[in-house]
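Enquirer: Okay, sequence plus prediction incoming.
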Amino acid sequence: MKGGQKGAIVDLFGWPYDDIAQECTDFLGKAGYMGVKINPPQESVLTDAWPQSGQRNPWYFVYQPVSYRLYSRLGTRKQLRNMIQTCRANGVRVYADAVVNHMSGGGNDVLSHRYNSDGSCVTWGAKSSAKESPYYTHSFTYGVNAYTNVRPALEFPAVPYGPTDFHCERTMSSWTDPLQLETGWLTGLTDLNTEKTYVRERIAQYFVDLLGIGFSGLRLDALKHIGPVDTGAIFGLLSKYMGGSLPDDFISWGEVILGGEASLLACNANSGYNFYKGLDAEYAANGISATDIAKLKIWSSDYPKEFPICGSWILPASRFVIQNDDHDQQNEGSSSRDMGDAGSVLIKDKDVAKHRSFEVKLFTRADADWQIKVILSSYTWFSNGAGGFPDGNSDCSGFDSSQGQTCTASVPYEKAFRAGSCGYTVEGFAGGRYTRVHRDLSIVNAMRSWVGLSSVAPSDIGITGSC
């Protein structure tokens, strides 16, 4: 669609690569979707022996990377390459969720012991990773290594990152202080020193690897905590490594949740920490052309209730990516985005008709010239809080209890791809069911009309069920 610069992207949250490849062949290409966004493809925390709040591998572990190796709980590098090639052969682009603000959570590493500040020892099981790369943090450790007599430090050898590649451990107590926003450890996640040239280069090299394997673009997780200066420098390096410009069909969108900091982050171009005009100035200063700057977008956290957050469009609407339901809202305790009665989170509202109406409205509204729109296809949660992917890696039947721990919040395996399926396969909102929202015919036809395609019947796009 317009060289990758206008179209709808489906966020297949928690879908394994092999299932995505099948979905591209069976449905996404026929339906007219421009692309699919996948979970972070980089190696991340994964464990079979130590539960988190009773869960085996909750969903947020994929947002705790340990390396930039393309090997995740959802598939290997070979499976990833095959999926991308299959999707592209069916006219569907693929976008990566890139996590480069931080690495794993402090204490979520391979060490199996910690010390209390009073010198007493506490233990919990060591976590591993999708490809079993080692990684170490110093969090909750108040003693030296018995063998080296050295205090543990931040080390991620598979990148490689060492202690000086991270900001010193700092809690975040203010959301209006740029220093804390950029250098604080967001929810205890080991924060990368993105002011450092080596870190910037390593991130840009990771982006090159993603594009090299076939991705068409990126979602930038937690961009607010990387900062405009560092973001501009990283994309400047990416452009340089790509020969001086970005690919024609490339797009990115950064997660900048505005909250109550709209003046600092968006409206005041001279705030010193601005992601609208301020970030554009950083892009230009790093040699990125106006044509390529237009491809570097911001995820609109003020949609659908508060846009445009500054009272007028500081940047044109075409620079923003909009979305009704998003993956961060699946958690009952999430407060990162307030949609009020202007939107709907499916697994919270449990109202298919209401949710469908807002997804359709995403495409039928004509009050701004948005070019990229995203639909979330996620899965239902259990009432006990179990929120891991239904990919099998959160199923307690595969839990190793040899360390004396108990997995109590299981998510049984369900195959994500279901040939001929209708949309909204919520099945009474029982836990662990893939929702397949993107297959709803009303949403598909609203999307097709928006991009200038004719309406289709179920049989035209491979839907065989009675919807």
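Expert: Here it is on my side, so go on. Numbers count the residues shown, from 1 in each chain.

Enquirer: Relative to F363, how far out is Q22?
Expert: Distance, Q22 to F363, using CB to CB, to the nearest Å: 25 Å. (Each C-beta comes from the backbone N, C-alpha and C, glycine too.)

Enquirer: Correction: the previous question concerned L453.
Expert: In terms of CB to CB, L453 sits 11 Å off from F363.

Enquirer: go on, Y136?
Expert: Here the criterion is CB to CB. By it, Y136 lies 47 Å from F363.

Enquirer: Tell me which of L453 and F363 has more neighbours.
Expert: More neighbours surround F363 than the other of L453 and F363, with 21 against 14 (other CB atoms under 10 Å).

Enquirer: all helices for the protein, in order.
Expert: Assigned by DSSP state H, the chain shows helices spanning 17-23, 29-31, 77-89, 178-183, 197-213, 228-241, 262, 277-285, 290-293, 346-349, 352-364, 441-450.

Enquirer: Out of those helices, which is closest to D118?
Expert: D118 sits nearest to helix 178-183 of all these, at 29.0 Å, using CB to CB.

Enquirer: Strands of this protein, start to end?
Expert: Taking DSSP state E to define them, one finds strands in the chain at 7-12, 35-38, 45-46, 93-98, 102-105, 113-115, 121-123, 128-129, 189-191, 217-220, 251-255, 296-299, 320-323, 372-377.

Enquirer: who's in contact with the residue nearest to D249 when sequence neighbours are not counted?
Expert: Nearest non-adjacent residue to D249, counting by CB to CB, 6 or more residues apart in numbering: G4, 3.0 Å away. By CB atoms under 8 Å, 6 or more residues apart in numbering, the contact set of G4 is 34-35, 93, 216-217, 248-251.

Enquirer: From what I see, D191 and W185 are in contact.
Expert: Yes: the pair D191 and W185 qualifies as a contact (CB atoms under 8 Å) at a distance of 4.9 Å.

Enquirer: the more surrounded of those two?
Expert: Neighbour tally, D191 and W185, criterion other CB under 10 Å: the higher count belongs to D191, 25 against 21.

Enquirer: show me what contacts the more buried one?
Expert: By CB under 8 Å, 6+ apart, the contact list for D191 reads 101-102, 166-167, 170, 183-185, 225.

Enquirer: Serialize those residues to a markdown table and add fields for pLDDT.
Expert: Formatted as a markdown table, the contacts of D191 follow (pLDDT from 0 to 100):
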| residue | pLDDT |
| --- | --- |
| N101 | 99 |
| H102 | 99 |
| F166 | 97 |
| H167 | 97 |
| R170 | 91 |
| T183 | 97 |
| G184 | 97 |
| W185 | 96 |
| H225 | 98 |
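
Enquirer: Check these for burial and list the buried ones.
Expert: Neighbour-count burial (16 or more other CB atoms under 10 Å) is assigned, among the contacts of D191, to 101-102, 166-167, 183-185, 225.

Enquirer: Show me the shaky parts of the chain.
Expert: Residues of the chain meeting the criterion pLDDT under 70: 1, 112-117, 119-125, 142-143, 145-146, 332-336.

Enquirer: That concludes my questions; thank you for your assistance.
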